[in-house]
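Engineer: I'll drop the sequence and a predicted model, then ask my questions.
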Amino acid sequence: MRGGASPAADLARLRDIVELFPQQTIVVLGDFVADQFVFGEISRVSREAPVLILRHRETQCLPGGGANAANNLADLGAHVYPVGAIGEDESGSKLHEYFRGKGMDVAGLIRVRGWTTPTKTRFLAGWTHTTRQQVLRMDREPETELPPQAVRALVRAARGRLAEASAMVISDYGYGSATPEIAAKIRGRGRWAAPVALDSRYRLHEYAGLELVAATPNEAELEAAHHARIGDAEQLERLAQRTMARLGVAALVVTRGRDGMMVFERGRAACALSVFGSDQAVDVTGAGDTVIAAFTLALGAGATVLEAAQIANYAGGIVVMKRGTATVTHGELLGAINAEATGGAGAGSMDAGSNSGKEPKQRRARGN
């Protein structure tokens, strides 16, 4: 692999970029999922079947999928405009209520009659004073495609805000709100009004020709896109370069779990970023949503691709140490960068340098 060394980071520069996060507005076109967690204590084994009987203690509903990306953006300090379909069901109402409580403009959440809000219900069980473990997951998914009028509403909502946005996230989980066709309609015949970054679980290459800036697949998604197994660094680079050429993107950031990230840019040597913090993750649920959120927000604030990836690497390292569908706050991210700048944990992987490069892009703060 060409290059591959972990590059030194200008930590003062990264700090300046993160300081500008509250001045950015990000549009999120996404498949909004309700992550439901049902907590219970183990009561006994059922006489009816060899299963545990749980005494219900608590039910939580948190944003998942593209909704988790939006939630991360909000906690990182950005003004967020979510655009996606939700059903006229309890899960849709919970997401709508949650985002309103975060102060987001929810006009882009399109309620669709007869459509099911994607919902992942996880049952977690344990004895008193023990860690609860997941014992069952039940998914509810839409059984029909979005009707044409809902698609038109999504396109109008995104177009209406994109002209004033710093950047846009496409978070495609395969449920119909974020698709290549909808993205193409939002762009129209002109160019994007702001940088657009992609996180697509199942159809990465179908976004070819849409003039996106970057995509952030994980290693498994890259393998699936090419129907191949990645055996070494050279093969990873070959597949990444093929994806970049096929999509027409300027950059690809491949997340690799405990192995950190690989940053590929057109015309530049690949760069490896070592994982920030511990390589023993507590929970990787939703980590990709955190990465695309921090990466795109940094681009919107004026970061280079590598700077945006370095910031996303910090955010990803923080979130995998939390249980469940979690977010990273603006303060946590700044704290991690500041700690490293002063010789805190993990300070060996990135060194502070002079505040060089282009100035972060300041944008007028906008109300929700």
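Structural biologist: That came through, no problem. Residues are numbered from 1 along each chain as shown.
Engineer: Do I have it right that residue 96 meets residue 88?
Structural biologist: No: counting by Cβ atoms under 8 Å, residue 96 does not reach residue 88; the two are 10.1 Å apart. Where C-beta positions appear, they are placed from N, C-alpha and C, glycine not excepted.
Engineer: all strands of the chain, in order?
Structural biologist: Secondary structure of the chain (DSSP state E): strands located at 25-30, 32-45, 52-65, 79-87, 109-112, 119-126, 133-140, 167-172, 196-200, 214-215, 251-255, 261-265, 271-273.
Engineer: Output those in TSV; the columns should cover mean pLDDT, distance to residue 181 and mean neighbour count.
Structural biologist: Below are the strands of the chain laid out as TSV (pLDDT from 0 to 100; distance: least, Cβ to Cβ, whole Å; neighbours: other Cβ atoms under 10 Å):
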stretch	mean pLDDT	distance to residue 181	mean neighbour count
strand 25-30	98	12	29
strand 32-45	94	18	19
strand 52-65	93	19	17
strand 79-87	98	14	28
strand 109-112	98	16	21
strand 119-126	94	24	19
strand 133-140	94	24	12
strand 167-172	98	11	29
strand 196-200	98	13	27
strand 214-215	98	17	26
strand 251-255	97	22	26
strand 261-265	96	27	24
strand 271-273	95	33	21
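Engineer: Out of those strands, which is closest to residue 237?
Structural biologist: Among these, the nearest to residue 237 by Cβ to Cβ is strand 261-265 (7.1 Å).
Engineer: Show me what residue 123 is bridged to.
Structural biologist: Residues in a beta bridge with residue 123, per DSSP bridges, are residue 38, residue 136.
Engineer: In contact with the residue sitting nearest the centre point of the chain: list those residues for me.
Structural biologist: The centroid of the chain falls nearest to residue 289 when counting by Cα atoms, centre = their mean (1.8 Å). By Cβ atoms under 8 Å, 6 or more residues apart in numbering, the contact list for residue 289 reads 65-66, 68-69, 72, 171, 199.
Engineer: Pipe the strands of the chain into TSV and attach distance to residue 312 per row.
Structural biologist: Below are these laid out as TSV (distance: least, Cβ to Cβ, whole Å):
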stretch	distance to residue 312
strand 25-30	14
strand 32-45	21
strand 52-65	18
strand 79-87	17
strand 109-112	26
strand 119-126	24
strand 133-140	27
strand 167-172	12
strand 196-200	10
strand 214-215	11
strand 251-255	7
strand 261-265	8
strand 271-273	9
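Engineer: Which one of the ones you listed lies nearest to residue 223?
Structural biologist: Minimum separation from residue 223 across those (Cβ to Cβ) falls at strand 251-255, 10.3 Å.
Engineer: can you give me phi and psi for residue 274?
Structural biologist: Phi and psi for residue 274, reported as degrees, to the nearest 10, are phi -70, psi 150.
Engineer: still on that earlier bit, of all the contacts of residue 289, which comes closest to residue 341?
Structural biologist: Among the contacts of residue 289, residue 72 lies closest to residue 341 (Cβ to Cβ), at 22.9 Å.
Engineer: For the closest one, give its distance to residue 178.
Structural biologist: 16 Å (Cβ to Cβ, to the nearest Å).
Engineer: Same check on residue 163?
Structural biologist: 19 Å.
Engineer: Nearest to residue 247 among the contacts of residue 289?
Structural biologist: residue 199 (12.8 Å).
Engineer: what's the burial count for the closest residue to the closest one other than its chain neighbours?
Structural biologist: Nearest non-adjacent residue to residue 199, counting by Cβ to Cβ, 6 or more residues apart in numbering: residue 292, 4.1 Å away. Around residue 292 there are 30 other residues, counting by other Cβ atoms under 10 Å.
Engineer: ok, residue 96 and residue 88, which is more surrounded?
Structural biologist: Shown here are residue 96 and residue 88; by other Cβ under 10 Å, residue 96 has more neighbours (18 against 13).
Engineer: Just the pLDDT at the more buried one, thanks.
Structural biologist: pLDDT, residue 96: 97.
Engineer: start at 12 instead
Structural biologist: Let's use 12 as the start, then, which means that last one is residue 107.
Engineer: For residue 64, see how far away the residue sitting furthest away from the middle of the chain is.
Structural biologist: For the chain, the residue at maximal distance from the C-alpha centroid (Cα atoms, centre = their mean) is residue 58, at 43.3 Å. As for residue 58, its distance to residue 64 is 9 Å (criterion: Cβ to Cβ).
Engineer: For the closest residue to residue 294 other than its chain neighbours, grab phi and psi.
Structural biologist: Distance criterion Cβ to Cβ, 6+ apart; nearest residue to residue 294, sequence neighbours excluded, is residue 334 at 4.9 Å. Main-chain torsions, residue 334, degrees, to the nearest 10: phi -90, psi 150.
Engineer: What number of residues are in the vicinity of residue 334?
Structural biologist: Counted with other Cβ under 10 Å, residue 334 comes out at 13.
Engineer: What pLDDT is listed against it?
Structural biologist: Model confidence at residue 334, expressed as pLDDT, equals 82.
Engineer: Just to check, it is in contact with residue 293?
Structural biologist: Yes: the pair residue 334 and residue 293 qualifies as a contact (Cβ under 8 Å) at a distance of 5.9 Å.
Engineer: what about residue 138, how many neighbours?
Structural biologist: Neighbours of residue 138 (other Cβ under 10 Å): 9.
Engineer: same deal with residue 278?
Structural biologist: 5.
Engineer: Residue 305 now?
Structural biologist: 31.
Engineer: Report the beta-bridge partners for residue 93.
Structural biologist: residue 39.
Engineer: got the contact list for it?
Structural biologist: For residue 93, the contacting residues are 39, 41, 43, 77-78, 81, 110, 115, 117, 119-120, by Cβ under 8 Å, 6+ apart.
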